[in-house]
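*Asks:* model this:
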Amino acid sequence: MHLAKPSWLAHLDDKNQRTSIFSIHVHPDGTRIATGGLDNKIKLWSTLPITDGSKALDPNVPNLLCTLGLHNGSVLCVRWSNKDGRYLASGSDDQLLLIWEWDKSTEGWAGGSVFGSGEQNIENWKVIRRLTGHQSDVVDLAWSRDNTYLASCGLDNLVFIWDGRTFEKLHKLDMHQGFVKGVTWDPVGEFLATESDDKTVKVWRTSDWKIQAEISEPYASSPTTTFYRRLSWSPDGSHVATANGAQGPVPVAAIFNRGEWKPDVSLVGHDSAIEVVSFNPVIFMIPESDDADPESPESASVGSVCAVGSQDHSISVWVTRNARPLFVCQKPFDHSVLDLAWSPDGTHLYACSYDGTVVVLQFLNNEFGTRLSMDEHDKILAKYGFVPKDPIILENTTQLSMEGALAIANKNSSSGRIAALMSDNQELPSSPPIVISDTVDKKGNFGSPSSAPSQTITLTKDGKKRIQPQFIRGLTSSPGAPLRPPMLMQTDNISSPTMNGNISSAAVFSQLQQRPLILDQTSGLDAPSRSLPAGGIPTLLIGNKRKESFASEIASQSNKRQSFGKSRADSVIETEGHVLRSGLVPPSVTMSQVRLASHKVKDYLAKERLDGTTLKLECFNNSAKGPSQIVCTRGKVMVWVDFVPSSIILLTGHSQYSAVACEDGSLFIYSSAGRRLLPVIMLESAASFLEICREYLLCITQTGLISIWDLRNLKATVGSVSTAPILQAATLSSEDFHTAASIISACVRPNGVPLLVTNLNEAWSYHLDMKTWVRVYDPRYSTQDPSNSETSEVVDGSILASLESMARQRGGNIGSLAYLRYPGGKDTQGKAHVIGHLENQLVSAEMVNSPTEYKRLLFTYAQQLADEGAEFRLHEICMMLLGPINGQDSINNNQTLSNWDPFIMVTLANGMSKRQLLKEILPVLSANRTLQRHVTEYGDALKKILKID
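*Replies:* Residues are numbered from 1 along each chain as shown. Next comes the predicted model:
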């Protein structure tokens with residue numbers, strides 16, 4: 001072992017004095033290190049002058065590569081992402097996480113001086129994401145082994161999990177009762193471990209982010225004076241080494257095993273509290289004795305190497321199976337060791353200290369033993385369920401749990417020899433996946449991947465080469481035949497695939513908005529899809545007046561429908577791709593007052609999943625008589641296949657359910673594995689629209705009947721209800737055909753009610769208890785100026801605001817009655833319209849399950865009641881929110897409902913407490929002193945109820 005302490009590696013303050021270095025980390029390629037210090041800066045250093053002494057004085061070899069100075073506080077942690085080290089994450093006491101990336105496009109600018117100093121930047125790193133959420137210092141970071149997640153912890157007692165690709169905030173873990181000062185990932189990816197000043201280590205499951213285990217035994221007497229509690233997971237996944245443990249007055253680094261989660265080893269020897277532990281990323285074949293041959297499996301066993309840094313200014317290096325340290329570096333610093341980092345090859349250990357210096361311990365190649373290859377490393381991790389690269393992917397945590405239990409059961413009987421670990425019975429069983437061929441010939445047959453076409457190169461007059469661009473047909477964007485598995489019946493001349501794209505389970509009206517809505521899980525909306533054609537589903541209505549001869553009327557209607565179907569309707573619904581024929585029109589359609597457009601039969605339909613995965617649903621219709629095929633694939637791997645007897649015209653699905661509708665009115669529903677949930681459902685006519693929204697299946701037939709089924713509980717929430725009222729059928733007086741309003745969007749809200757939007761910008765919902773359509777949005781009352789609207793702010797879950805924003809973009813009949821929303825001086829009628837409009841908005845927000853808007857509208861409504869002194873309305877709204885009082889049903893003879901529910905919008909996780917809402921609006925109502933007596937009465941009653949509760 002050799003020790004180096006480069007004097008030039010430092011963070012300097014304004015007086016050119018060393019400042020503390022809190023964190024250090026090595027890039028995965030080993031060529032650079034990052035340090036974070038008290039000077040609010042991150043510095044990137046080349047490792048070449050450190051590892052090769054001859055390069056230290058070479059002027060052509062730079063020491064400092066870059067200085068990053070965008071933090072407004074001390075940089076407490078820096079961590080490179082794994083594998084390629086594309087990203088550098090930094091945490092600071094300014095409560096921010098910054099994600100940095102090397103900006104290689106600006107290398108011409110490289111070499112400029114750092115603002116305010118004489119330092120030169122060789123590399124240029126820029127911030128690509130600024131992550132907020134922590135309320136105090138961010139003290140530790142960790143990337144998962146495959147960079148799927150980034151974990152951060154801080155002095156706000158919180159742990160945040162971020163998406164390692166998009167850097168969106170995924171989860172908040174808030175079970176610690178003290179400062180969280182260390183975080184580490186299980187190399188298998190099954191667990192995350194955190195250590196806190198509450199003197200516990202918690203192990204979290206990554207499947208549901210619940211606590212798997214909590215260890216407190218070795219930390220009960222540990223001090224809380226350490227800067228960090230940086231723990232580390234062993235590279236073989238079997239142990240977790242923790243910092244700041246104690247056995248009485250003796251500081252220890254406690255190591256607990258996987259599965260049992262009990263401390264079985266303690267590293268004893270340091271005189272002061274331990275700040276940081278770090279496992280060498282390499283697994284070694286360690287000789288059993290000094291005289292043993294490390295190359296022989298019989299004389300060596302698999303082991304891990306762990307480094308420990310302490311407040312006693314010392315570093316020790318241990319092999320986990322030995323009771324004594326392998327190396328001890330006594331007091332290379334003048335202050336506490338704060339961070340440790342190993343080089344990727346396991347030969348260099350970098351340490352930083354509060355005194356502002358860095359020490360590098362360099363080990364010989366075979367000083368620990370023989371390094372195992374990555375394939376051998378992955379086989380060892382496979383004991384705990386790790387799946388490298390392409391083998392069978394585990395799809396649930398039950399399998400991981402069983403394999404972990406098996407590993408624990410075999411622990412005592414295992415020989416520990418490398419030969420046993422590498423034997424066949426240690427490998428995960430594998431079976432070749434069903435792979436779909438890469439290419440399709442002209443007849444739809446599958447063959448080997450075709451080679452890239454050659455390019456044409458020409459020479460210009462000045463001698464320059466010109467390469468003619470050559471179109472290369474891809475797999476997913478090809479205009480040729482669709483990627484498909486072999487069918488029982490082949491069809492020639494397959495035309496280009498087109499996405500059937502059904503309207504999204506959610507999003508209201510997304511096709512017509514020019515800017516996307518901001519939607520998240522709180523809105524209950526899924527990502528938009530493309531089921532409905534531009535302009536919506538064409539609709540035909542027949543007037544209410546009837547001829548004397550009903551039979552002749554039916555014949556006339558039938559003839560007119562056929563003529564319409566051949567011209568206007570078909571042209572509107574036609575999509576890209578090869579059309580086999582027009583869809584069948586059953587007699588029920590010719591006799592219906594409402595007639596929605598029918599879908600033509602195409603040879604190919606496809607739907608990409610909406611859950612962010614590669615899951616895809618496809619159907620293949622035959623030009624001749626014969627069954628149609630449904631294929632569900634994940635990438636090139638077939639998930640399930642089914643055949644249905646009729647041609648498919650619509651399909652939809654997500655990660656849990658799928659459904660297809662056929663031209664004969666049949667409907668098939670599948671689980672995620674392709675299991676049929678019900679026998680075939682027969683509709684009175686074929687479907688014009690089909691969509692799955694969460695656990696609900698929404699279907700609108702050609703006769704304008706809408707049905708919604710709860711697939712989880714297998715029951716109907718809306719059963720064959722006519723859409724004629726929302727299409728304004730009652731306004732038509734003649735018997736002629738009329739082009740009616742079109743449905744441009746349809747979805748199901750989390751409470752199971754439908755939400756339909758027409759091209760008139762009106763939004764309709766169906767009241768499940770009242771069994772009637774209600775208009776939840778009327779564009780005539782919207783204002784052209786968004787700033788004058790109660791629901792103008794389009795935020796997460798703002799359904800009404802999104803509807804209003806869409807209406808403004810589309811124009812039309814918007815704002816014709818907007819003047820009724822503004823009282824004209826002492827105009828009582830104007831004030832009544834204002835309150836009436838707010839009440840309509842309030843119940844509409846409740847109807848569509850929009851809690852954010854409901855709460856905002858409730859405050860606006862309370863303010864309006866206070867401004868107008870509306871005493872009777874005040875009593876009603878307060879009693880509705882207050883509920884019964886000590887067995888009494890009223891205050892001042894204001895009756896409450898006998899079936900009063902203390903929560904509103906109970907379909908949410910916990911609903912919103914009505915009494916909490918009342919508590920929040922009472923101060924708004926108190927703004928009018930003429931109402932203070934009533935406000936006081938309800939305030940006192942609420943205090944009594946809350947005290948009793």
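*Asks:* what about the stretch 451-600 of the chain, any weak spots by pLDDT?
*Replies:* Along the stretch 451-600 of the chain, segments meeting pLDDT under 70 span 451-577, 590.
*Asks:* From the chain's centroid, how far away is stretch 357-370?
*Replies:* Chain-centre distance of stretch 357-370: 41 Å, with Cα atoms, centre = their mean, to the nearest Å.
*Asks:* mean confidence score for that stretch?
*Replies:* The pLDDT scores in stretch 357-370 average 89.
*Asks:* ok, and for that stretch, which residues are buried?
*Replies:* Buried positions in stretch 357-370, judged by neighbour count with 16 or more other Cβ atoms under 10 Å: 357-361, 363, 368-370. For every residue, glycine as well, the C-beta is placed using N, CA and C.
*Asks:* Likewise for stretch 800-814?
*Replies:* Residues of stretch 800-814 classed as buried by neighbour count (16+ other Cβ under 10 Å): 800-808, 810, 814.
*Asks:* cool, and stretch 775-782?
*Replies:* Buried, per 16+ other Cβ under 10 Å, within stretch 775-782: 776-782.
*Asks:* Mind picking the two most distant members of those residues?
*Replies:* Using Cβ to Cβ, the pair of the buried residues of stretch 775-782 lying farthest apart is Val776 and Arg780, separated by 13.7 Å.
*Asks:* Which stretches in the protein count as helices?
*Replies:* Ranges of helices in the chain, per DSSP state H, are 48-51, 374-381, 397-409, 418-421, 550-564, 570-573, 587-590, 799-810, 828-847, 851-868, 871-882, 914-925, 932-948.
*Asks:* quick one on the thing from earlier: same list, the buried residues of stretch 357-370, but as a markdown table with distance to Leu683 please.
*Replies:* Formatted as a markdown table, the buried residues of stretch 357-370 follow (distance: Cβ to Cβ, whole Å):
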| residue | distance to Leu683 |
| --- | --- |
| Thr357 | 77 |
| Val358 | 73 |
| Val359 | 76 |
| Val360 | 74 |
| Leu361 | 74 |
| Phe363 | 73 |
| Phe368 | 70 |
| Gly369 | 70 |
| Thr370 | 69 |
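*Asks:* In the stretch 801-949 of the chain, where is pLDDT below threshold?
*Replies:* For the stretch 801-949 of the chain (pLDDT under 70), the answer is 819-832, 886-898, 907-910, 948-949.
*Asks:* Mind doing that once more with 50?
*Replies:* 823-828, 889, 896 (pLDDT under 50).
*Asks:* What distance do you get for the residue nearest the centre of the chain to Glu217?
*Replies:* Centroid-nearest residue in the chain, with Cα atoms, centre = their mean: Leu170, separated by 6.2 Å. Distance of Leu170 to Glu217, computed by Cβ to Cβ, to the nearest Å: 31 Å.
*Asks:* sorry, back to before: can you give me the neighbour number for the nearest residue to the residue nearest to the centre of the chain once chain neighbours are set aside?
*Replies:* The spatially closest residue to Leu170, leaving aside those adjacent along the chain, is Ile161, at 4.7 Å (Cβ to Cβ, 6 or more residues apart in numbering). Neighbourhood size, Ile161 [other Cβ atoms under 10 Å]: 21.
*Asks:* can you pull the contacts of Ile161?
*Replies:* By Cβ atoms under 8 Å, 6 or more residues apart in numbering, the residues touching Ile161 are 149-151, 169-173, 192, 209.
*Asks:* Val78: which of those residues is nearest?
*Replies:* Leu150 (12.7 Å).
*Asks:* Pretty sure Asn761 sits against Pro779.
*Replies:* Yes: in this structure, Asn761 is within contact of Pro779 by Cβ atoms under 8 Å, at 4.0 Å.
*Asks:* what about the nearest residue to Ser685 once chain neighbours are set aside, how many neighbours?
*Replies:* Leaving out its chain neighbours, the residue that sits closest to Ser685 by Cβ to Cβ, 6+ apart is Gln702, at 4.3 Å. For Gln702, the neighbour count with other Cβ under 10 Å is 27.
*Asks:* that older thread, looking at the buried residues of stretch 357-370, which is nearest Gly869?
*Replies:* With Cβ to Cβ as the yardstick, the closest approach to Gly869 among the buried residues of stretch 357-370 comes from Val358, at 72.0 Å.
*Asks:* Return the distance of that closest one relative to Leu9.
*Replies:* With distances taken as Cβ to Cβ, Val358 is found 5 Å from Leu9.
*Asks:* Spell out which residues are contacts of both of those two.
*Replies:* With Cβ under 8 Å, 6+ apart, Val358 and Leu9 have common neighbours Thr35.
*Asks:* coming back round to it: what do Asn761 and Pro779 both touch?
*Replies:* With Cβ under 8 Å, 6+ apart, Asn761 and Pro779 have common neighbours 807, 812-814.
*Asks:* Just the residues you listed: which are in strands?
*Replies:* Among the shared contacts of Asn761 and Pro779, no member falls in strands (criterion: DSSP state E).
*Asks:* Closest one of those to Phe903?
*Replies:* Ala807 (31.4 Å).
*Asks:* The closest one touches Tyr781, doesn't it?
*Replies:* No: judged on Cβ under 8 Å, Ala807 makes no contact with Tyr781 at a distance of 10.2 Å.
*Asks:* Looks like Ala4 contacts Gln362 (just checking).
*Replies:* Yes: using Cβ under 8 Å, Ala4 makes contact with Gln362 at a distance of 6.7 Å.
*Asks:* how far away is the closest residue to Leu596 other than its chain neighbours from Cys699?
*Replies:* Distances taken as Cβ to Cβ, 6+ apart place Ser688 nearest to Leu596, at 4.1 Å, with adjacent residues excluded. Computed with Cβ to Cβ, the distance linking Ser688 and Cys699 is 9 Å.
*Asks:* Greatest separation within the buried residues of stretch 357-370: which pair is it?
*Replies:* Across the buried residues of stretch 357-370, the longest distance by Cβ to Cβ is 32.8 Å; it joins Thr357 and Thr370.
*Asks:* need the contact list for the residue lying closest to Met912 once chain neighbours are set aside.
*Replies:* Ranked by Cβ to Cβ, 6+ apart and with sequence neighbours excluded, the top spatial neighbour of Met912 is Ile904, at 5.1 Å. Counting by Cβ under 8 Å, 6+ apart, Ile904 touches 846, 854, 911-912, 914, 917.
*Asks:* buried subset of those?
*Replies:* 846, 854, 912, 914, 917.
*Asks:* Just give me the closest of the residues you listed to Lys600.
*Replies:* Glu846 (40.6 Å).
*Asks:* quick one: contacts for the closest one?
*Replies:* Glu846 neighbours (Cβ under 8 Å, 6+ apart): 854, 904-905.
*Asks:* before we move on, the earlier item: the more surrounded of Ser688 and Cys699?
*Replies:* Neighbour totals were compared for Ser688 and Cys699, and Ser688 leads with 28 against 25 (other Cβ under 10 Å).
*Asks:* Could you report the separation of the more buried one from Leu697?
*Replies:* In this view, Ser688 and Leu697 are 15 Å apart by Cβ to Cβ.
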